[in-house]
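Undergrad: 3D, please:
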Amino acid sequence: MGKNDFLSSTHASSNLNARSSGHSRSFEQLFDDTPVASKLLPLYTETGWMAHKSPNVVRDDLGPCIQELSYDFFKKNILPPLRKKVNVKGTISRLKNAGFIKDTNDGSRWTAFPDDPYKENKAVEHDSTKAFAKAVENEVFAKLATVVNAIFDSSGTPKRRGSTVVYESLPDSIPLCCIGEKHGSPDGYLLFKNRFLPDREDGRRYWRDIATPAEFKLQDTRDDLQYDVNKICWSMSRIMQEDPRRRFVLAFTIENTQMRVWMANRTEVLVSQPFNFIKASRLFHSRLFYLLTCLYPLQDHEKFVHFFLSQAYAHEHELGIDTTMTKVSAEPGKVPMYDIIVRVVQKVGGRKKVQNQTFRTEKLISDDGAKDLRGKGTRVWKVHRVVGKVVDFSKPGVLKDAWVDEDGEREGDILEEIRNQKGLSEISEKFLKSVLLTPIARGDVYIGNTRDGTRTLITRGAEVPEDATKFPLHIPPTHQPSHSKSTLDVNGGDNISEYYDMIQAGKIVRYFSKSHYRIVIEEECKPLSNVESLHTVFRALHQVTIGLMIMHRRGTGWVHRDISVGNILIDLNGGGTKLSDLEYARRLDVSTPRETRTGTANFMSVEVDNQCYLYGCRPVTPEPEEPTDFNMDRYIEAVLGLAKWEDLAPSRKKPSAPRPAPRPVFRYNPMHDLESVWWVAVYFVVNKQTSLAATRSSSNDSAFVADSHVNLTVDQRIYASSLFYDPSERLIAMSGSDTLDRHLRSLPSYLSEVGEALITLRKSLRGRYNYIESSDREDDQMVCGVLYEVFADAFSTLAASLKREDITVTPLCSRPPKQDGLRIDAARASTPVAPKTSNTKRKLEGKADTRTRSKRQKTHVEADPQAKATVPKSKKTKGRARNLKKKGN
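TA: Alright, predicted model coming up:
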């Protein structure tokens, strides 16, 4: 489902509730896998997602800090183990003998780097252009290819066994995507040798060919480190998005001499402590220990050599590749096809039988979930079953690949349990099955004999140490280089002392461990967000309401907990409505040990968003009456501990301050599902653009443009952006504010019935909240009462009415058309508009052009008194709302 970045991850993390678990730590916060910042739908859905995903945004999604671990932790738990006959000490010895490492007075260094990279910056000072500085930087770090190739050649592995990866440095060549091209390129990378696609004429690579990206900087100032942090997070995100086979990605950054190793998976992003990759200082300086010094491994060189040797001959799954997916076609410029294995566990005669079923993808339906570096990473394909080597095209299905909570119940199991629950009438059972998806195959993904998970396999079961330090992703800017010291070296001096306290005070946004899961369903559907008929929208909401009524009130009772426009589907074959993403569904009669805020922020109930009950009132415990037989001496003795409080008169036991009766612990209930349905309805009339079929068929295209923007005034655009999503504005809307009612009543005349119905439903919903929470019935399965019938009748009536009108909904335009004043009519829209003056010509004309345009604007206002009345006086404005209104005027 779609997402946006309207909230920073810092704001999101402050509102999320930490989940209690055995994995929790004192230095971090654990969050559910549906944080607000990563489950927001875009306000302007017509723009591309990656247009919003700049390097800064990708970094912000990760929170203010991440864990910084020792290189030994990476070596033991993350990096691939070395192959047999590959020895780091032996490799370093052979590199010395070959002349790639030379001894110095205070240690040894790579021959290719006689000086530290920052010294090359002196040449840049004479020419401060970015192009020249980048050229010098590329030239300096191009030597790294010589060093890495020397490490591979000196590994001692037989020549007949080729390496898995090869190092390249093409910073000016932008890697290609499956479809189209994107900006940005890593400074260097390790490439999979056996995954190259047919090269284009320019020899450029694909993002999915990159095994390990890298970023370099000549200096190690905070600005340089911040640049590398932004770029490496963005590169890792690009690789995880472009390659569906990628389970995790390794990376490294270098600032001057300081190198850091990175790892990102769907749960966390980790970084190593920096080490000097060029120079290794000797541990012993006395001549007496010279021989021992020569034999003792040089630590920094050992880390650098080990990092590349661990990947040189690693298996693909050790570098993050999912071996249960096989690429069967990869034509340039097209999305490749894959054979995907689904591990199905069946019970036969009381025993579990494992069967691997293969499905071939036909087309990619959605990969919105994979565009976040962390999270579920959901991808959806249309697939066909493969039997032997033959593809069966008779029964297509839809395969969903996602990373789910490791200890959570699987979606396929929940679907089966809800579909097969007992105690339903025949008609209720039939309708419930009609709104639920039909699973064909499902199961966890296994790499070899080990279940694929961010903790079980990727980090080999290791937990992050409790004493792990924090690495800030937002680094205060500075222009002072620290050359010989690491920017984050605690012992480095002034460059860290200024904000070290800020680092320790920051919070690490961390997800729970996840497992790799796949499910294949029978129905091919499209999400409600892609529906263009308002009649279809309200017909679907009518069916969803009835389906929720059966889920809530019959059998054991279930709540969905994630109703959204992405989880309500329309069957492409039968046209029916389906509910999807039931992995967060929960039984009403089962209390979970962790109550977390779950759902999509745009459609989440206000109470769920705040994790507390907001409506109704609670009785207050009355104050105790004044005593009549007060004995001061006995009271003082009790206060001093010389007498027991129990010995006093009952009326004189230890007094306590009056306090309200305790509120029940907050729990998700069926009312919250219905409120999410209401928010979906509001979304389609407030955050969408509507038009009538009669207007669309008009011969006057300009009139259509004018009419389609009647309901899109500047104020309404601003309100739509705050309602989807601003928590405070949503709380005000549900509390009975006139703002929402005013906007719903200002919709076009053909939507007046819809606006009034939504206002009525909001009042009914709020009234039921007040009644239920005042009577302590929040956990009752009958909590919604007659609201089901009220909602179902309203949506059914609206669907029938809208069918006659034939109203179309389209994405809200990101920018309204230029208007004179606050209105535009057909006559004015049909008037030809003179072409704009180019920027070059405007510069040549100078002030004369400015005077001409000012005079033209003044003449227009005098000719149109109505426009003059609507145009406000020119003045400086601040804030997003005023800027948008000024642009509209």
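
Undergrad: I'd say T326 and P336 touch.
TA: No: checked against Cβ atoms under 8 Å, the pair T326 and P336 is beyond contact range at 10.4 Å. Using the backbone N, CA and C atoms, a C-beta is placed for each residue, glycine as well.

Undergrad: for the two, indicate the residue with more neighbours.
TA: P336 (18 against 14; other Cβ atoms under 10 Å).

Undergrad: my guess is that one contacts S329. True?
TA: Yes: using Cβ under 8 Å, P336 is in contact with S329, at 5.8 Å.

Undergrad: so for stretch 412-422, what's the average pLDDT?
TA: Mean pLDDT, stretch 412-422: 89.

Undergrad: buried set for that stretch?
TA: G412, I414, L415, E417, I418, Q421 (16 or more other Cβ atoms under 10 Å).

Undergrad: closest to R561 among the residues you listed?
TA: I414 (11.0 Å; Cβ to Cβ).

Undergrad: element containing that closest one?
TA: helix 411-419 (DSSP states H and E).

Undergrad: and the strands in the stretch 151-300 of the chain?
TA: All strands of the stretch 151-300 of the chain, identified by DSSP state E, counting those that start in this stretch, fall at 165-168, 188-192, 210-217, 249-255, 258-264, 269-272, 275-276, 279-281.

Undergrad: partners of the first one in the sheet?
TA: So the one you mean is strand 165-168. Strand 165-168 has the following sheet partners, assigned by DSSP bridges: strand 188-192 (antiparallel).

Undergrad: with the third one instead?
TA: Applying DSSP bridges, strand 210-217 is found paired with strand 188-192 (antiparallel), strand 249-255 (parallel).

Undergrad: tilt between the last one and strand 258-264?
TA: Here strand 249-255 points in a direction 160 degrees away from that of strand 258-264 (axes from the mean of the first three to the mean of the last three Cα atoms, to 10 degrees).

Undergrad: what's the average pLDDT for strand 249-255?
TA: Taken as a whole, strand 249-255 has a mean pLDDT of 96.

Undergrad: just the buried residues of that strand, please?
TA: Buried residues in strand 249-255 (16+ other Cβ under 10 Å): V249, L250, A251, F252, T253, I254, E255.

Undergrad: ok, the third one - contacts?
TA: For A251, the contacting residues are T212, P213, A214, E215, I232, S235, M236, V261, W262, M263, A264, taking Cβ atoms under 8 Å, 6 or more residues apart in numbering as the criterion.

Undergrad: in this structure the fifth one contacts T212, no?
TA: When you say that, I think you mean I232. No: the criterion here is Cβ under 8 Å, and I232 misses it with T212 at 10.5 Å.

Undergrad: pLDDT score assigned to the nearest residue to T600 once chain neighbours are set aside?
TA: Distances taken as Cβ to Cβ, 6 or more residues apart in numbering put S564 closest to T600, at 3.9 Å, once the chain neighbours are dropped. pLDDT recorded at S564 is 93.

Undergrad: three-state assignment of S564?
TA: The three-state assignment at S564 reads coil, by DSSP: H, G, I helix; E, B strand; the rest coil.

Undergrad: any idea how far A601 is from it?
TA: Separation of S564 from A601 (Cβ to Cβ, to the nearest Å) stands at 9 Å.

Undergrad: with H552 instead?
TA: H552 sits 23 Å away from A601, going by Cβ to Cβ.

Undergrad: neighbour count winner among the two?
TA: Ranked by neighbour count (other Cβ under 10 Å), H552 and A601 place A601 first, with 26 against 23.

Undergrad: am I right that that one is in contact with Y725?
TA: Yes: the pair A601 / Y725 is scored as a contact, 5.0 Å apart, by Cβ under 8 Å.

Undergrad: isn't A150 right up against I101?
TA: No: the criterion here is Cβ under 8 Å, and A150 misses it with I101 at 9.2 Å.

Undergrad: okay, and the common contacts of the two?
TA: L95.

Undergrad: could I get the full set of strands for the stretch 301-450 of the chain?
TA: According to DSSP E, counting those that start in this stretch, the strands that the stretch 301-450 of the chain contains are 325-329, 337-348, 351-366, 379-387, 390-405, 439-444, 446-447, 450-451.

Undergrad: I'd like to know which elements the following helix or strand past the last one is packed against.
TA: It stands for strand 450-451. Using DSSP H and E, the helix or strand that follows strand 450-451 in sequence is strand 469-472. Packing partners of strand 469-472 (3 or more Cβ pairs under 8 Å, 6 or more residues apart in numbering; DSSP states H and E): strand 65-69, helix 500-505.

Undergrad: can you flag the weakest of the ones you listed by average pLDDT?
TA: Looking at the helices and strands packed on strand 469-472, the bottom one is helix 500-505 with a mean of 49.

Undergrad: neighbours of V685, how many?
TA: Neighbours of V685 (other Cβ under 10 Å): 22.

Undergrad: how close does it sit to V537?
TA: For V685, the distance to V537 - Cβ to Cβ - is 9 Å.

Undergrad: again, but for L270
TA: 43 Å.

Undergrad: higher neighbour count, the two?
TA: For L270 versus V537, neighbours defined as other Cβ under 10 Å are more numerous around V537 (28 against 22).

Undergrad: what helix or strand does R730 sit in?
TA: helix 727-734.

Undergrad: kindly provide the whole-number mean pLDDT of that helix.
TA: Here the average pLDDT along helix 727-734 is 88.

Undergrad: can you mark which positions in it are buried?
TA: Quick answer for helix 727-734 (16+ other Cβ under 10 Å): P727, E729, R730, I732, A733, M734.

Undergrad: hmm, who's touching it?
TA: In contact with helix 727-734 (Cβ under 8 Å, 6+ apart) are residues 15, 606, 609-610, 614, 675, 719, 722-723, 739-740, 762, 765-766.

Undergrad: let me know the secondary structure of A794.
TA: helix.

Undergrad: list the contacts for it?
TA: Counted by Cβ under 8 Å, 6+ apart, A794 has contacts A757, T760, L761.

Undergrad: what sits against the last one?
TA: Read it as L761. W678, A681, V790, F791, A794.

Undergrad: tell me which two in those are the farthest apart.
TA: A681 and V790 (13.1 Å).

Undergrad: who has more neighbours, those two?
TA: Neighbours per residue (other Cβ under 10 Å) separate A681 from V790, with A681 holding more: 21 against 18.

Undergrad: tell me the pLDDT at the more buried one?
TA: 96.

Undergrad: next helix or strand past the host helix or strand of it?
TA: Element membership of A681, judged by DSSP H and E, is helix 670-686. Sequence-wise, the next helix or strand downstream of helix 670-686 (DSSP H and E) is strand 688-692.

Undergrad: buried sites along that next one?
TA: So, applying 16+ other Cβ under 10 Å, buried residues of strand 688-692: K688, T690, S691, L692.

Undergrad: how many other residues sit next to the closest residue to H301 other than its chain neighbours?
TA: Spatially, and ignoring its direct neighbours in sequence, H301 is nearest to A280 (4.3 Å; Cβ to Cβ, 6+ apart). Neighbour count for A280, taken as other Cβ under 10 Å: 24.

Undergrad: so what pairs up with A280 in the strands?
TA: S108.

Undergrad: repeat that for F192.
TA: V165.

Undergrad: ok, it - contacts?
TA: Going by Cβ under 8 Å, 6+ apart, the list of residues near F192 reads T164, V165, D209, I210, A211, E316, L319.

Undergrad: change it to 7 Å
TA: Residues near F192 by Cβ atoms under 7 Å, 6 or more residues apart in numbering: T164, V165, D209, A211.

Undergrad: ok, now W262?
TA: I232, M236, L250, A251, F252, T253, V271.

Undergrad: and for E168?
TA: G188, Y189, L191.

Undergrad: now do A145
TA: Y167, S169.

Undergrad: how about it, phi and psi?
TA: phi -60, psi -40 (degrees, to the nearest 10).
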